[in-house]
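In: I'd like to go over a predicted model; first the sequence, then the structure.
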2 protein chains.
Amino acid sequence: MTTPRERYRAQVRAEAMEKAWEQIAASGAPGLSLNAIAKQLGMTGPALYRYFASRDELITELIREGYGSLETAVAAVGEADVAALAGALRAWALADRQRYFLMYGTPVPGYHAPEDTRETAQRIMDRLVTACAKAGPDAESRALRAWTRLHGLLSLELAGHFSGMPVDPAALFESEVESLG
Amino acid sequence: MTTPRERYRAQVRAEAMEKAWEQIAASGAPGLSLNAIAKQLGMTGPALYRYFASRDELITELIREGYGSLETAVAAVGEADVAALAGALRAWALADRQRYFLMYGTPVPGYHAPEDTRETAQRIMDRLVTACAKAGPDAESRALRAWTRLHGLLSLELAGHFSGMPVDPAALFESEVESLG
DNA sequence: AGCTTTCGTTATAAGTTGTAACCCACTCGA
DNA sequence: TCGAGTGGGTTACAACTTATAACGAAAGCT
């Protein structure tokens, strides 16, 4: 049973996180400002602290949401073959670069992700493992290799390290996906 | 000919960058504070602006230094076979995680690396290409694949994404290096 | 109706980057 | 050797940031 207050609170939190995603997409995680978000929501800075204990908690919540969104993205892939999963991963990553980097990019020393995001990450990995299991033995180690290879490709592409090089990221990705089969 | 003033200036800049590396290693790039560095050098905050036009310029200088250090690291590898280069890369990366992420980690939207670092990166890549050329045809594309695979492995390891998993990063790295031969 | 919880406000503390103005010391040329 | 100019360091300040405290008002519950 949700009271009106709870619903309102959830709505404000959701709107704040929406603005936060926009800010992160525009200026990266370090450029995220609670004050600016509050202003966009039509309230003063300190008011937002009723909804998020700190800037870090907001970012943690964004990371949680990010993992959730990736999980639904891979869950939406019907028959779980590796190529389809890889394609879904790339599409999801390209949809929001900074979201990808928030989860898999530069770690902040001292920051530890909450336990439930690790569990979500595990479920995502499991999905990849079962896909690999259909294609032969040693599913776990092949899934691990798939993950590291795809991540290497994606993170370099998203970071723009291929720009200025005569490289077609999509083709490179496809060729690397084939190497996994 | 270097005047005493120039030598003094260069020294202060070098010391500031040293402290900057320490700060980045401790709290990541967002935690880098010009004020704190100035204090460590025994001067007030604004004084540092005589040496670096802005925080961004200091970070740019650090990135430049990072690329330079990687270039000397790979140049120190005598016979350039891919396995040796990969080993040198991993050792260099493990020596300072945040330095690696400063160069290959999460990009800041709107920030563009200066041209000379791209040239240095190109020279490093060339080294990898010549190493691949000794092992067969299609050196360029094999070098590119080597880069993306090693980066995927390294960045996940350095970010701590393997901790909690039954994974031996060194062994995984070795096995992936073999896949390149 | 009245009580309590919660929300949003202003005020404030302690940081940050960066600029401006000023002083002092060192360097360099006449 | 002395005077002028350059460059380093200081304090003061503006405009930000995160975060807390204290207060008022609105909404919900009994």
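Out: Done, it's in.
In: where does chain A come near DNA strand C, residue by residue?
Out: By the criterion of CB under 7 Å from any atom of the strand, the positions of chain A lying close to DNA strand C are A:5, A:8-9, A:12, A:38, A:42-47, A:50-51. For the C-beta atoms, the positions are set from N, CA and C on the backbone; glycine is no exception.
In: Which among the residues you listed count as buried?
Out: Those of the residues of chain A next to DNA strand C that meet the buried threshold are A:V12, A:A38, A:Y51, by 16 or more other CB atoms under 10 Å in any protein chain shown.
In: Now intersect those residues with the helices, please.
Out: Using DSSP state H, the subset of those located in helices is A:V12, A:A38.
In: what's the spacing between the residue nearest to A:R97 when sequence neighbours are not counted and B:Y104?
Out: Sequence neighbours aside, A:L158 is the residue nearest to A:R97 in space, at 4.5 Å (criterion: CB to CB, 6 or more residues apart in numbering or on different chains). A:L158 sits at a distance of 11 Å from B:Y104 (criterion: CB to CB, to the nearest Å).
In: Kindly report the same for A:T130.
Out: Going from A:T130 to B:Y104 by CB to CB gives 31 Å.
In: again with A:G31
Out: Applying CB to CB, the value for A:G31 to B:Y104 is 20 Å.
In: So for those two, which sits in the more crowded spot?
Out: Neighbours were tallied for A:G31 and for B:Y104 using other CB atoms under 10 Å in any protein chain shown; the higher tally belongs to B:Y104 (24 against 16).
In: ok, that one - contacts?
Out: The neighbours of B:Y104, taking CB atoms under 8 Å, 6 or more residues apart in numbering or on different chains as the test, are A:S155, A:L156, A:A159, A:H161, B:H151, B:S155.
In: which one of those is nearest DNA strand C?
Out: Within the set of the contacts of B:Y104, A:A159 lies nearest DNA strand C; the separation is 22.4 Å, counting by CB to the nearest atom of the strand.
In: And the closest one, its phi and psi?
Out: Summarising the backbone geometry of A:A159 under the convention degrees, to the nearest 10, its torsions are phi -80, psi -10.
In: so what's it closest to, chain neighbours aside?
Out: Take A:A159 and drop its neighbours on the chain: the residue closest to it by CB to CB, 6+ apart is B:P107, 4.5 Å away.
In: how close does that neighbour sit to DNA strand D?
Out: Remark: distance between B:P107 and DNA strand D (CB to the nearest atom of the strand, to the nearest Å) = 21 Å.
In: ok, that residue - contacts?
Out: For B:P107, counting by CB under 8 Å, 6+ apart, the contacting residues are A:G28, A:F101, A:L158, A:A159, A:G160.
In: In what element of secondary structure is the residue of chain A at minimum distance from chain B found?
Out: Of all residues in chain A, the one sitting closest to chain B is A:G152 (2.2 Å; CB to the nearest CB). Taking DSSP states H and E as the definition, A:G152 sits inside helix A:139-158.
In: Give the buried residues for that helix.
Out: Along helix A:139-158, the positions that meet the burial threshold by neighbour count (16+ other CB under 10 Å) are A:139-140, A:142-158.
In: what's the burial count for A:G68?
Out: Applying other CB under 10 Å, we find 13 residues neighbouring A:G68.
In: What of A:A113?
Out: A:A113 has 17 neighbours, counted by other CB under 10 Å.
In: tell me the contacts of it?
Out: Contact analysis of A:A113 by CB under 8 Å, 6+ apart lists A:T60, A:I63.
In: Check A:I124 too.
Out: Each residue near A:I124 by CB under 8 Å, 6+ apart is listed here: A:Y67, A:L70, A:E71, A:V74.
In: same deal with A:L156?
Out: The neighbourhood of A:L156, defined by CB under 8 Å, 6+ apart, consists of A:F162, B:Y104, B:W147, B:T148, B:H151.
In: Apart from its neighbours in sequence, what residue is nearest the last one?
Out: Read it as B:H151. The spatial neighbour of B:H151 that comes closest, neighbours along the chain excluded (CB to CB, 6+ apart), is A:G152 at 4.5 Å.
In: can I assume that neighbour is in contact with B:T148?
Out: Yes - with contact defined as CB atoms under 8 Å, A:G152 and B:T148 form a contacting pair (4.2 Å).
In: who touches both of those two?
Out: With CB under 8 Å, 6+ apart, A:G152 and B:T148 have no common neighbours.
In: can you pull out the helices in chain A?
Out: Along chain A, the stretches classed as helices by DSSP H are A:4-27, A:34-40, A:55-75, A:82-95, A:97-104, A:115-133, A:139-158, A:169-178.
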